[in-house]
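**Student:** What follows is a predicted structure for the sequence shown.
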Amino acid sequence: MKTAQQRHEFGADAAYRVKLHPPLLRAMGLKRKISFGAKARPMFRLLYAARRQRGSRLDLFGYHPVRRMERELIVQYRREVEELLPRLNPLTLASAAKIASLPDMVRGYEQIKVRNVQRYREELTRLSDEFGENHRLDTLDKTASGSPER
């Protein structure tokens, strides 16, 4: 259904197409995007209505390995930050801030995201080691100066 503004701007006979490359079809070997015209509108309405199912057992897209990986990353990130907080001090603050900003690396779609997750995990390991070393140095410094550890 075209609005008056669409008819005015693009003409009465203008049509639109949505190009998608669904993961299911990609997994079956389709190498290009497919076009969906106005007849696909009911499908998009159904997908829109199904958004309320996200995260539930009825979320069919939630079973995809990339979606599972995303949910695991959230749990891993929260656990990592919760482990850092009790050991936070001025010497470890910079490393902790870098660790807290790591989720910004996890971008992209499908295989790009998987590669970025690998980079995220490598960087998390490196920064966690750096954080631990800074925490150890701060603890040694407090012990040597005689100040009590927090």
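**Tutor:** Now that the structure is in, tell me what you want to look at.
**Student:** which residues sit in contact with the residue nearest the centre of the chain?
**Tutor:** Among the residues of the chain, the smallest C-alpha distance to the mean C-alpha position (C-alpha atoms, centre = their mean) belongs to Val106, namely 5.1 Å. Counting by C-beta atoms under 8 Å, 6 or more residues apart in numbering, Val106 makes contact with 70, 73, 113, 116-117, 120. In this view, the C-beta of every residue, glycine as well, is placed from N, C-alpha and C.
**Student:** now Phe36, nearest residue through space, not along the chain?
**Tutor:** Taking C-beta to C-beta, 6 or more residues apart in numbering, and ignoring the residues beside it in sequence, Phe36 has Val18 as its nearest neighbour in space, at 4.7 Å.
**Student:** quick one: that neighbour and Ile112, what's the gap?
**Tutor:** Val18 is 21 Å from Ile112, where distance means C-beta to C-beta, to the nearest Å.
**Student:** Looking at those two, which is more packed in?
**Tutor:** It is Val18, of Val18 and Ile112, that has more neighbours when counted by other C-beta atoms under 10 Å, with 13 against 10.
**Student:** what's the average pLDDT for stretch 23-32?
**Tutor:** Per-residue pLDDT over stretch 23-32 has a mean of 83.
**Student:** What residues of it count as buried?
**Tutor:** Residues of stretch 23-32 classed as buried: none (neighbour count, 16 or more other C-beta atoms under 10 Å).
**Student:** Dump it to PDB, restricted to CA.
**Tutor:** Extracted as PDB, the C-alpha positions of stretch 23-32 are listed here (Å, rounded to 0.1, in the frame of the first residue of the first chain):
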ATOM      1  CA  PRO A  23      21.500 -17.600   7.100                       C
ATOM      2  CA  LEU A  24      19.400 -20.700   6.400                       C
ATOM      3  CA  LEU A  25      19.700 -20.300   2.700                       C
ATOM      4  CA  ARG A  26      23.400 -19.300   3.000                       C
ATOM      5  CA  ALA A  27      24.000 -22.600   4.900                       C
ATOM      6  CA  MET A  28      22.300 -24.400   2.100                       C
ATOM      7  CA  GLY A  29      24.800 -22.900  -0.400                       C
ATOM      8  CA  LEU A  30      23.000 -19.800  -1.700                       C
ATOM      9  CA  LYS A  31      25.800 -17.300  -2.500                       C
ATOM     10  CA  ARG A  32      23.700 -14.200  -3.300                       C
END
